[in-house]
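J.: coordinates for the following, if possible.
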Amino acid sequence: MINVIYKIYQLFIAAPILLVLTIMAALATIIGCALFNASWWSYYPGKIWSRAFVRLLLLPVKVEGREHMDATQSYIIIPNHQGMFDIFLIYGFLNRHFKWMMKEELRSMPLVGKACESAGFIFVDQKGGPKKMKMLHDRARSVLQGGISLVVFPEGARTWDGQMRRFKRGAFQLASELQLPLLPITINGSFDVQPRSRGYVSFVDWHPLTLTIHPALQPSEPTDEAEHALMQQAYDVIASRLEPSVKSAPKAGTYNPED
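T.: This is a model prediction of the structure:
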């Protein structure tokens with residue numbers, strides 16, 4: 001009965017409000033970045049929108065490990081990717097000014113894609129060659145200054161079954177090249193709220209959300225061996241705080257040297 005009431009609440013109360021808030025946040029970002037302080041408007045409308053999304057859906061949030069973040073340090077932030085609510089959880093509750101690294105196809109999303117472009121987020125063309133990768137790294141280098149960080153999902157996409165996928169090399173190559181610390185984050189609960197199999201537009205299930213911030217990892221020399229060791233270390237750290245129901249795949253599959 002409670003589940004039915006929750007779905008009715010989502011459909012007739014939360015969903016209409018969230019639709020209006022999404023449009024308002026996107027327009028605020030586009031107009032604010034064009035006319036006013038682009039740094040402020042590129043972050044805070046999205047932060048407020050994300051917090052509202054979670055609060056209106058009555059989802060409890062717990063954040064652990066804020067003491068591991070240095071306010072003056074730029075990080076490459078690497079969370080696991082359980083579902084769509086990872087975005088709301090990080091954007092709304094990390095309390096850290098950052099840019100997203102996101103798939104190129106998301107640029108075509110009505111209004112939201114334009115807002116992301118206006119905010120200066122970095123779009124990744126997964127079919128890009130060495131020239132595009134250099135442009136990507138140059139763009140990231142220009143962003144990662146003055147305490148502004150970059151969020152990259154090292155799995156590359158949301159999990160289908162709740163288990164953490166193998167990591168791709170991009171975030172670790174970037175950290176090694178720029179000699180910037182990686183900030184591992186473990187997300188729990190997002191898969192239970194809305195798994196990937198349901199798509200973006202669907203009812204959500206009530207479940208607590210947890211964001212665990214781990215101590216930063218510092219890259220060493222830019223070699224393949226050091227990079228793979230760092231990937232393994234990051235994978236193990238993130239997996240160490242996953243709930244038992246979504247434990248990661250065996251360690252043998254933590255990264256793919258071909259990626």
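J.: burial measure for the closest residue to residue 214 other than its chain neighbours, as a count.
T.: Excluding the flanking residues, the one nearest residue 214 by C-beta to C-beta, 6 or more residues apart in numbering is residue 184, at 4.3 Å. No exception for glycine: its C-beta is placed from N, CA and C like everyone else's. Applying other C-beta atoms under 10 Å, we find 27 residues neighbouring residue 184.
J.: quick one: secondary structure of residue 184?
T.: strand (DSSP: H, G, I helix; E, B strand; the rest coil).
J.: lowest-pLDDT helix or strand in the chain?
T.: Between all helices and strands in the chain, the lowest mean by mean pLDDT, DSSP states H and E belongs to helix 130-143, at a mean of 81.
J.: list the helices and strands that helix packs on?
T.: Using 3 or more C-beta pairs under 8 Å, 6 or more residues apart in numbering; DSSP states H and E as the contact test, the elements touching helix 130-143 are strand 122-124, helix 170-178.
J.: could you tell me the angle between it and helix 170-178?
T.: Taking axes from the mean of the first three to the mean of the last three C-alpha atoms, to 10 degrees, one finds helix 130-143 and helix 170-178 inclined to each other by 70 degrees.
J.: CA atoms of helix 130-143 as CSV?
T.: Below are the C-alpha coordinates for helix 130-143, written out as CSV (Å, rounded to 0.1, in the frame of the first residue of the first chain):
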residue,chain,number,x,y,z
PRO,A,130,44.5,11.0,-30.9
LYS,A,131,43.8,14.5,-32.1
LYS,A,132,40.4,14.7,-30.3
MET,A,133,42.0,13.1,-27.2
LYS,A,134,44.6,15.9,-27.1
MET,A,135,41.9,18.5,-27.4
LEU,A,136,40.0,16.8,-24.6
HIS,A,137,43.1,16.8,-22.3
ASP,A,138,43.8,20.5,-23.2
ARG,A,139,40.2,21.3,-22.3
ALA,A,140,40.5,19.4,-19.0
ARG,A,141,43.7,21.1,-18.1
SER,A,142,42.0,24.5,-18.6
VAL,A,143,39.1,23.5,-16.3
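J.: got a list of contacts for that helix?
T.: For helix 130-143, contacts defined as C-beta atoms under 8 Å, 6 or more residues apart in numbering pick out 99, 101, 120, 122, 124-125, 128, 150, 174, 177-178.
J.: residue 163 in helix, strand or coil?
T.: coil.
J.: so how far is residue 193 from it?
T.: From residue 163 across to residue 193, the span is 17 Å (C-beta to C-beta, to the nearest Å).
J.: higher neighbour count, the two?
T.: Taking neighbours as other C-beta under 10 Å, residue 163 and residue 193 compare with residue 193 leading, 23 against 18.
J.: re the thing from before, tell me the most buried of the helices and strands packed on helix 130-143?
T.: Ranked by mean neighbour count, these are led by helix 170-178 with a mean of 21 (mean count of other C-beta atoms under 10 Å).
J.: look up how far residue 204 lies from residue 88.
T.: According to C-beta to C-beta, residue 88 stands 11 Å off from residue 204.
J.: who has more neighbours, the two?
T.: Neighbours per residue, other C-beta under 10 Å: of residue 88 and residue 204, the larger number sits with residue 88, 25 against 20.
J.: secondary structure element holding that one?
T.: Here residue 88, judged by DSSP states H and E, is contained in helix 85-93.
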